[in-house]
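Q: give me coordinates for this.
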Amino acid sequence: MDYEQNLESTVPDDALQEIFSKTWSIAEKKQQDILFILSVLRGLELVHRQIRTELFEPSLPETRNDLYQLVKDIEEKGGWPYIERMKLQDLLRNLQLDTIEETTSNQEQV
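A: Purely as a prediction, here's the structure:
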């Protein structure tokens, strides 16, 4: 499933689809600029945190039945939204693999 199909199946609102598509397009155009991509991820994380703490948490249901309906909806439609951070160990492993590949490539050229 490509990005557009995945977006359409998970985001029912056209305005949100447009925002997400534009964000993806901007990031994709700058995919070689790691610092830019990092700033995009930081910005998304900040917006996620603000929406969660300032809008979502205050609007949580107050009755058991309403809470049950919310949890049921979360389970049925894709789980809890989460912004995963790359683990430092994974980053170091990627660097190590790149170093090994460069060394192998240099040895083959000699």
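Q: which residues of the protein fall in helices?
A: Taking DSSP state H as the criterion, the chain carries its helices at 3-10, 14-29, 34-50, 64-76, 88-109.
Q: distance of I51 from Q96?
A: Separation of I51 from Q96 (Cβ to Cβ, to the nearest Å): 36 Å. (Glycine included, C-beta is placed from N, CA and C.)
Q: hmm, I was thinking of I37
A: I37 sits 21 Å away from Q96, going by Cβ to Cβ.
Q: these two: who's more crowded?
A: Neighbour count, other Cβ atoms under 10 Å: between I37 and Q96, I37 has more, with 14 against 10.
Q: correct me, but the more buried one touches K30?
A: Yes: the pair I37 / K30 is scored as a contact, 6.6 Å apart, by Cβ atoms under 8 Å.
Q: show me how far stretch 26-36 is from its chain's centre.
A: Centroid separation between stretch 26-36 and its chain, computed with Cα atoms, centre = their mean, to the nearest Å, is 15 Å.
Q: what comes up buried for it?
A: Within stretch 26-36, the residues that qualify as buried are A27, counting by 16 or more other Cβ atoms under 10 Å.
Q: what do you get for stretch 36-47?
A: Within stretch 36-47, judged by 16+ other Cβ under 10 Å, the buried ones are V40.
Q: related to what we said a few turns ago, may I see the helices of the chain organised as JSON lines, with mean pLDDT added?
A: JSON lines is the format used below for the helices of the chain (pLDDT from 0 to 100):
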{"stretch": "helix 3-10", "mean pLDDT": "56"}
{"stretch": "helix 14-29", "mean pLDDT": "92"}
{"stretch": "helix 34-50", "mean pLDDT": "93"}
{"stretch": "helix 64-76", "mean pLDDT": "89"}
{"stretch": "helix 88-109", "mean pLDDT": "69"}
